[in-house]
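[1] show me how the following folds:
(one chain, ligands or ions: 2)
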Amino acid sequence: MRFRVAGGIGRVLAVAAAVVAIAAVPSGRGVADDFGPVPSIKVDAKKAELGKRLFFDKRLSGDVALSCASCHVPEKGFADGRPLSKAYPGAEGFRNTPTLINAAHKAAWFHDGRLGTNLNDVTREMITETYIMNMDMRLMQERLKQDPVYLRMFKEAGYGEPSNGAVRKAIPEYLKTLTSRGAPFDTGALSDSAKQGFDLFTGKAGCASCHSGPRFTDDRPHNTGVPENPDIWGDPRRHLTFVTFAMFMGVENYMNVRRDLGAHVRSHKSDGSDIGKFMTPTLRELKQTAPYMHNGTFATLEEVVAFYDRGGGDDPNKDPQLKPLGLSREEQADLVAFLEALSGDALTGSDHVWSEKIPANYQAIENWVEVKN
Ligand code: HEC
Ligand code: HEC
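    Numbering: from 1, shown residues only. Ligands and ions are numbered 1, 2, ... in the order given. Next comes the predicted model:
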């Protein structure tokens, strides 16, 4: 089933490899947005298989405590079910872990959109960032070379011997396999309530002006006035992580900042107009990825819809598109039913999950300092 709706915003992003089909159809009032299934991406099976094993391998983190899947959990839609993420042992995170389903379709990553190059760079960031996996990639490379399974898999994938560069290519190849499928919205199995919800979404409730295209996002930052999560400032382990991040991003007065500045950390606009803007997230797979927003402030979709019904939160920079909606209880329930219809099959089978045991403990080679690789 394909829906077309008039009156969307006129921004069509040219996404790498043109995998996202957002058709710009002229209409009376501007450009129409095309919703529909998220197209799958062609992958190299051997490289993706290697990327899958790496994704589930704790040896990619400094002290072998965390794999990518420790935070991006398949059973939780590749998010983690927590308001704020875990972090490297000893620290705690200050952002909600985003889903990785359809993340390969994006052109800018993280809640503030601060990385706009490619997934190769995002992967490096996750592995080397002190509060995420805290890994020196040279050490990682040596670890991988000790595992005969990797020696074979890197070779079969055409990469030669295990290397940092190949890890940063293989994991993105695996991420490309994580595409939504089977949502009632795409298969046509929509309840009457969900259909009403779609009409509200594209009409009276005005959601589609930001949540557009097959992933239901314009891939842009907006300020919706989501309240701060006090745990970031109340828990010293989270606050410390935030301060480290803010200092690294060159945030002015970072010791005294008591809010997540969002997109401001990359633009540093002097008028502060990017403060509190966060990237519009996808609305796919929400049933698996609660709680919601960049800081996990809302536990349920009912709470999110009630938030929009109030016209969003309080913020001087709030997007002027957000106004109180005056939705009835029934209309709010219809919107929730529609949002739920955007969730499809869980990606928890062997296509997407590495289920064989991965060795975590092994003996160091004698004289390892002198041994040449
Ligand atoms: C300790 C928890 C943790 C671990 C481990 C982790 N991530 Fe993340 N990941 C996060 C959080 C939190 C964010 C959001 C960060 C932000 O917005 O500043 C994120 C963001 C991402 C994004 C961007 C998603 C988007 O929509 O913008 C990708 C892609 C990603 N991680 C992939 C990975 C990969 C690949 C690994 C393993 C190499 C990994 N992550 C390991 C917590 C984690
Ligand atoms: C002005 C642009 C804009 C409009 C209009 C808008 N949203 Fe959003 N939406 C966002 C942004 C930006 C976020 C992320 C905010 C954050 O992380 O703090 C978001 C987050 C969400 C989330 C949470 C997703 C997640 O994974 O955390 C849901 C659900 C949602 N919006 C649904 C809606 C619905 C339903 C409407 C209409 C009633 C709507 N949005 C209208 C921009 C918008």
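
[2] might you report the residue contacts of the most centrally placed residue in the chain?
    Residue closest to the average C-alpha location in the chain (Cα atoms, centre = their mean): residue 98, at 3.5 Å. By Cβ atoms under 8 Å, 6 or more residues apart in numbering, the contact list for residue 98 reads 79, 110, 111, 281. Any C-beta I mention is one placed from the backbone N, CA and C, and that applies to glycine too.

[3] who does the first one bridge with?
    Residues in a beta bridge with residue 79, per DSSP bridges, are residue 73.

[4] distance check, it against residue 95.
    Distance, residue 79 to residue 95, using Cβ to Cβ, to the nearest Å: 11 Å.

[5] now the second one
    Distance of residue 110 to residue 95, computed by Cβ to Cβ: 8 Å.

[6] out of the two, which sits in the busier spot?
    Ranked by neighbour count (other Cβ atoms under 10 Å), residue 110 and residue 95 place residue 95 first, with 24 against 19.

[7] right, and that one touches residue 83 too?
    No: the pair residue 95 / residue 83 is not scored as a contact, 9.7 Å apart, by Cβ atoms under 8 Å.

[8] next, show the common contact partners of these two.
    Joint contacts of residue 95 and residue 83 (Cβ under 8 Å, 6+ apart) are residue 295.

[9] now the closest residue to residue 139 other than its chain neighbours: how far from residue 127?
    Closest residue to residue 139 apart from its sequence neighbours, by Cβ to Cβ, 6 or more residues apart in numbering: residue 62 at 7.8 Å. Counting by Cβ to Cβ, the gap from residue 62 to residue 127 is 9 Å.

[10] the more surrounded of these two?
    A side-by-side neighbour count of residue 62 and residue 127, using other Cβ under 10 Å, places residue 127 first with 23 against 18.

[11] contact partners for the more buried one?
    60, 61, 133, 135, 137, 140, 167.

[12] of these, closest to residue 150?
    residue 167 (9.7 Å; Cβ to Cβ).

[13] what strand or helix carries the closest one?
    Per DSSP states H and E: residue 167 is located in helix 164-175.

[14] can you report phi and psi for the residue lying closest to residue 77 once chain neighbours are set aside?
    Closest residue to residue 77 apart from its sequence neighbours, by Cβ to Cβ, 6+ apart: residue 288 at 3.0 Å. Backbone geometry at residue 288, expressed as degrees, to the nearest 10, gives phi -100, psi -10.

[15] so for stretch 64-72, mean pLDDT?
    Here stretch 64-72 scores 97 as its mean pLDDT.

[16] so does it get close to ligand 1?
    Yes: Stretch 64-72 is in contact with ligand 1 by Cβ under 6 Å from any ligand atom, via 66, 68, 70, 71, 72.

[17] now the two most distant members of those.
    66 and 72 (10.5 Å).

[18] would you agree residue 298 is in contact with residue 305?
    No: using Cβ under 8 Å as the test, residue 298 is too far from residue 305 to be in contact (9.5 Å).

[19] quick one: least confident helix or strand in the chain?
    The weakest-scoring helix or strand in the chain, judged by mean pLDDT, DSSP states H and E, is strand 25-27 (a mean of 35).

[20] returning to what we had before: tell me which of the contacts of residue 127 fall in helices.
    Cross-referencing these against helices under DSSP state H gives 137, 140, 167.

[21] from residue 43, how far out is the residue nearest to the second one when sequence neighbours are not counted?
    When the adjacent residues along the chain are set aside, residue 140 lies closest to residue 60, with 6.0 Å between them (Cβ to Cβ, 6+ apart). For residue 60, the distance to residue 43 (Cβ to Cβ) stands at 20 Å.

[22] more neighbours: which of the two?
    Ranked by neighbour count (other Cβ under 10 Å), residue 60 and residue 43 place residue 60 first, with 23 against 18.

[23] for the protein, give me the ranges with low pLDDT.
    By pLDDT under 70, the low-scoring segments of the chain are 1-33, 360-365, 368, 371-373.

[24] can you show me the strands along it?
    According to DSSP state E, the chain carries its strands in the segments 3-8, 25-27, 30-35, 221-222, 278-279.

[25] hmm, residue 318 and residue 312 touching each other?
    Yes: with contact defined as Cβ under 8 Å, residue 312 reaches residue 318; the gap is 5.8 Å.

[26] quickly list what's touching both of the two.
    Jointly contacting residue 312 and residue 318 under the rule Cβ under 8 Å, 6+ apart are 224, 225.

[27] just the helices from the stretch 251-373 of the chain, written as ranges.
    For the stretch 251-373 of the chain, helices defined by DSSP state H, counting those that start in this stretch occupy the ranges 264-267, 301-309, 329-340.

[28] is it possible to export those helices to JSON lines including distance to ligand 2 and mean neighbour count?
    Conversion of the helices of the stretch 251-373 of the chain to JSON lines gives the following (distance: least, Cβ to the nearest ligand atom, whole Å; neighbours: other Cβ atoms under 10 Å):
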{"stretch": "helix 264-267", "distance to ligand 2": "13", "mean neighbour count": "20"}
{"stretch": "helix 301-309", "distance to ligand 2": "4", "mean neighbour count": "18"}
{"stretch": "helix 329-340", "distance to ligand 2": "5", "mean neighbour count": "20"}
